[in-house]
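Asks: how would this look folded up:
(one chain, ligands or ions: 1)
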Amino acid sequence: MEASFTYDLQLKPKTYGSSRGRQFGGCFSSRTKRTLLPMKTEKQSKPATQAEHSQNGLGPQTKAIHAGEAERHGVNGPVVTEIIRTSTFTFSNTEQMKEWAEGKNKAYIYTRYGNPTLSVAEKKIAALEGAEAAVVAASGMAAISSSLLAVLKSGDELISTAQLYGGTYRLMRDVFPNWGITVHHVQPDLGGIEKLVNARTRALYVETPTNPTLRLVDIQKAAAFAKKHELVTLIDNTFATPVLQNPIALGYDIVVHSATKALAGHSDILAGVSVGNTEWMGKVRQMIIHLGGSMDPGAAYLLIRGVKTLGVRVERQCENAMAVATFLEKHPKVERVHYPGLKSHPDHQLASKQMRGFGSMMAFDVKGGLPAARRFCDRVRLFLLAASLGGVESLVILPIYSSHYNMSDEELKRVGVSPGTVRVSMGLEDKEDLIDDLKQALE
Ligand SMILES: Cc1ncc(COP(=O)(O)O)c(C=O)c1O
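Replies: Numbering: from 1, shown residues only. Next up is the predicted model:
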């Protein structure tokens with residue numbers, strides 16, 4: 001049963017002043033440069049764009065900060081969301097419990113089913129993605145597996161991009177076949193996808209930009225194809241974040257995130273979230289309840305805190321990423337840089353059309369293959385050698401020893417990962433210091 005949400009968005013737009021346009025840094029394509037905080041008034045009749053998916057006349061950052069919170073204009077109220085640190089909730093009498101069991105009231109009963117702190121996180125992320133609802137989970141993989149299992153059953157077929165976070169790929173490769181679910185993979189350009197559809201095909205799953213080579217899928221094209229064949233669409237929006245693209249507005253059904261990454265933003269929790277309409281989120285919540293991948297309220301608190309600063313962090317990370325990618329592209333020891341903000345990237349045009357910025361992630365191939373890539377990773381001083389992404393510290397990692405371990409040469413080739421590929425997650429440090437570190441590590 002879906003838990004009730006007792007704290008509502010109580011916003012007073014006039015309190016926050018008039019339009020205060022602010023634009024992302026130079027990493028943003030000129031075509032998509034637009035106001036970050038479009039404080040719309042009630043009178044504006046222009047249809048909401050992807051960037052302005054605001055309800056209540058508020059922009060995305062305002063919603064990230066205020067959506068889902070309790071009324072906070074009274075005396076002695078806490079400004080910050082409370083952690084409702086409980087596994088279970090009281091009822092005042094058995095009649096109320098009976099009503100809960102019969103689905104007649106939506107009280108919180110037990111944190112695996114829902115919890116007020118989790119609900120605040122869900123409201124914020126749903127608002128950021130422009131969706132009706134969201135369900136938080138214990139990790140990105142909990143959100144991804146529960147969402148896929150809410151859609152698929154034994155006998156169904158799934159089409160997915162081959163370029164995926166390795167954990168998602170291994171779930172599809174190693175686990176789904178045991179449950180009678182067949183997975184077919186396509187390249188990000190969706191070439192040949194028509195041939196993969198049959199009467200059993202139930203869903204289309206994509207990741208864009210992809211991990212780790214930053215290829216893009218045309219979201220609108222994928223959504224149109226899925227609609228034609230009545231497929232449910234799921235997308236991993238972890239790399240882009242809701243700051244840079246909102247797939248729901250482009251026709252997608254379910255958006256999943258590893259909220260461990262940019263949404264929480266500080267490399268201190270595991271978290272996941274699934275976003276979509278109320279009906280799909282009801283089904284995903286049921287799966288979380290059955291499989292037990294629910295979020296802890298303490299993690300929800302840190303996720304809420306992270307989401308409030310998501311916009312400014314992504315803005316800064318995009319700026320750093322563009323500077324670093326430009327530096328690396330000119331470096332004689334670098335074979336190739338995979339960053340959609342560079343004109344040399346095969347999906348640069350699509351990124352300029354589809355995203356509001358080019359993101360905080362990149363990869364590059366070091367000349368000299370694996371030994372040279374290892375030497376580079378062993379020499380960085382400011383960048384940290386660590387898995388994961390989206391935090392405040394800049395990180396480097398070799399995908400073949402992390403997300404893409406346990407994959408054959410053929411599988412790696414298919415997704416464009418070479419042993420000398422280094423993945424970079426941009427943090428918030430000063431870009432000059434990051435470039436100095438790269439220089440010395442590549443020497
Ligand atoms: C794109 C992407 N999706 C999903 C996941 C899985 O998330 P989690 O580690 O939070 O389970 C990751 C983790 O690295 C990821 O990079």
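
Asks: since we're on the closest residue to the ligand within the stretch 1-150 of the chain, how many residues are nearby?
Replies: Closest contact between the stretch 1-150 of the chain and the ligand, by Cβ to the nearest ligand atom, is at residue 140 (2.3 Å). C-betas here are computed from N, CA, C, even on glycine. For residue 140, the neighbour count with other Cβ atoms under 10 Å is 25.

Asks: so how far is residue 146 from it?
Replies: According to Cβ to Cβ, to the nearest Å, residue 140 stands 11 Å off from residue 146.

Asks: same thing with residue 80?
Replies: Residue 80 is 29 Å from residue 146, by Cβ to Cβ.

Asks: Just want to know which of these two has more residues nearby.
Replies: residue 146 (27 against 11).

Asks: ok now do the more buried one, which residues does it touch?
Replies: 135, 137, 274, 284, 287, 288, 291, 293 (Cβ atoms under 8 Å, 6 or more residues apart in numbering).

Asks: quick one, phi psi at it?
Replies: phi -70, psi -40 (degrees, to the nearest 10).

Asks: leaving aside the residues next to it on the chain, what's closest to it?
Replies: In space, and not counting its chain neighbours, residue 146 is closest to residue 287: 3.9 Å by Cβ to Cβ, 6 or more residues apart in numbering.

Asks: Would you mind listing what in the protein touches the ligand?
Replies: Counting by Cβ under 6 Å from any ligand atom, the residues of the chain lying close to the ligand are 139-141, 165, 167-168, 207, 211, 236, 238-239, 258, 260, 270, 272, 388, 403.

Asks: go again using 8 Å as the cut-off
Replies: 139-144, 164-168, 207, 211, 236, 238-239, 256-261, 270-272, 387-389, 403 (Cβ under 8 Å from any ligand atom).

Asks: Now, of those residues, which are buried?
Replies: 139-144, 164-168, 207, 211, 236, 238-239, 256-261, 270-272, 388-389, 403 (16 or more other Cβ atoms under 10 Å).

Asks: Of those, which belong to strands?
Replies: 207, 236, 256, 257, 258, 272 (DSSP state E).

Asks: Model confidence at the residue nearest to residue 146, what's the number?
Replies: Per-residue pLDDT puts residue 287 at 98.

Asks: Tell me how many other residues surround it.
Replies: 22.

Asks: so the residue of the stretch 1-150 of the chain closest to the ligand sits right up against residue 239, yeah?
Replies: No. Using Cβ atoms under 8 Å, residue 140 is not in contact with residue 239, being 11.6 Å away.

Asks: For the lengthiest helix in the chain, which helices and strands make contact with it?
Replies: For the chain, the helix with the greatest residue count under DSSP state H is helix 310-330. Here helix 310-330 touches helix 60-66, helix 241-244, strand 334-338, strand 361-366, helix 431-442, going by 3 or more Cβ pairs under 8 Å, 6 or more residues apart in numbering; DSSP states H and E.

Asks: Let's see that with 10 Å instead.
Replies: Other elements packing on helix 310-330 under the criterion 3 or more Cβ pairs under 10 Å, 6 or more residues apart in numbering; DSSP states H and E are helix 60-66, helix 116-129, helix 241-244, strand 334-338, strand 361-366, strand 421-425, helix 431-442.

Asks: For the second one, name the packing helices and strands.
Replies: Yep, that's helix 116-129 we're talking about. helix 60-66, strand 133-137, helix 241-244, strand 254-258, strand 272-276, helix 278-291, helix 297-308, helix 310-330.
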